[in-house]
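**Q** pasted the sequence and its predicted model underneath.
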Amino acid sequence: MKLKLTPTQNLCIGFIESGFDLVELDDKLYFVKGERRQKVLPKTLDALVSRGALAVTDDGQYQLSEEFKQHRQRMREPFDSGHTRH
C-alpha cells in the first residue's frame, strides 16, 4: 500500500470516513450526505483502490480497506520518540 495520497485523495477518504455515500447521478459520481453533494472523478477512486486505501465490495460499493484502517489507527496513536527535551 502506498501511503502518500494527494490532497484530493485525502479529501475523498475524509468524505468516506464522515459517512458520505457514493452515488451515481447522470453518469457522474458524487459523495452525498443529506443536502450536501460533492463531485468525485472515477480516476480518483481508481487511484485510491490501486494504492490500497479503498476496497470494492462484491456489490460494487467502495469502502476503506482493512489495511488502510489499521494504518490510520496506528497514525492516531501517540508516539514517544524517546528524546529528552532540555
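**A** All right, it came through fine.
**Q** all contacts plus neighbour counts: C-alpha atoms, from now on.
**A** Noted.
**Q** what about the strands in this structure?
**A** Using DSSP state E, the strands of the chain run over residues 21-25, 28-33, 36-40, 54-56, 62-64.
**Q** same question for the longest one, mean pLDDT?
**A** Okay, so that is strand 28-33. Mean pLDDT, computed over strand 28-33, is 95.
**Q** send the alpha carbons of it over as CSV?
**A** C-alpha atoms of strand 28-33 as CSV (Å, rounded to 0.1, in the frame of the first residue of the first chain):
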residue,chain,number,x,y,z
LYS,A,28,-21.3,11.2,-12.7
LEU,A,29,-20.2,10.2,-9.2
TYR,A,30,-21.0,12.2,-6.1
PHE,A,31,-20.4,12.0,-2.4
VAL,A,32,-23.8,12.7,-0.8
LYS,A,33,-24.9,13.3,2.8
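**Q** now the angle between strand 36-40 and that strand, please.
**A** Per axes from the mean of the first three to the mean of the last three CA atoms, to 10 degrees, the angle that strand 28-33 makes with strand 36-40 is 150 degrees.
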